[in-house]
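give me the fold of what follows.
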Amino acid sequence: MMPPSPKEVRESKPYRDGFAWALADSRVREALGEPITDDIPGGGLSDIPGLERHAVLSGLLRGPKGVGVLKVRATGVPGANGEWEYLEVTVRLEDGTVVDLQSEEHEEGEGSPAPNPH
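You can find the predicted model right below:
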């Protein structure tokens, strides 16, 4: 199995959700400045139909004040019509700070994953 292309990663629901969540996070916006763009998405997506789906994805975030690395780890919920459980959604900043995007409450809506209940 070949790794997914950057385009496939960028178009995946976990990556789109993680990027949208990063854009909505005040700590990320403050550290990187605006506008924030993404570059070089990569990672792995696995899908065993009817059994499990996994995603471990990352992308470089760039803003006028700095860069960060978005990381998304998620597991697909079997039989849940494309829903994902987000195990990790973080941005590592240049100074080494890790911003946990699941620790700040976000408004529900498209592109905003629900916080992990664990």
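
show me where the protein has its helices.
6-11, 13-24, 26-32 (DSSP state H).

so can I have TSV of those helices showing mean neighbour count?
Every residue, glycine included, has its C-beta placed from N, CA and C. Formatted as TSV, the helices of the chain follow (neighbours: other Cβ atoms under 10 Å):
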stretch	mean neighbour count
helix 6-11	15
helix 13-24	21
helix 26-32	17
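
out of these, the one nearest residue 41 is which?
helix 6-11 (4.1 Å; Cβ to Cβ).

what packs against that closest one?
Counting contacts by 3 or more Cβ pairs under 8 Å, 6 or more residues apart in numbering; DSSP states H and E, helix 6-11 packs against strand 37-48, strand 52-63.

so how far is residue 26 from residue 91?
12 Å (Cβ to Cβ, to the nearest Å).

I meant to write residue 77 there.
In terms of Cβ to Cβ, residue 77 sits 29 Å off from residue 26.

dump the helices of the chain into JSON lines; add distance to residue 97 as well.
Below are the helices of the chain laid out as JSON lines (distance: least, Cβ to Cβ, whole Å):
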{"stretch": "helix 6-11", "distance to residue 97": "24"}
{"stretch": "helix 13-24", "distance to residue 97": "14"}
{"stretch": "helix 26-32", "distance to residue 97": "8"}
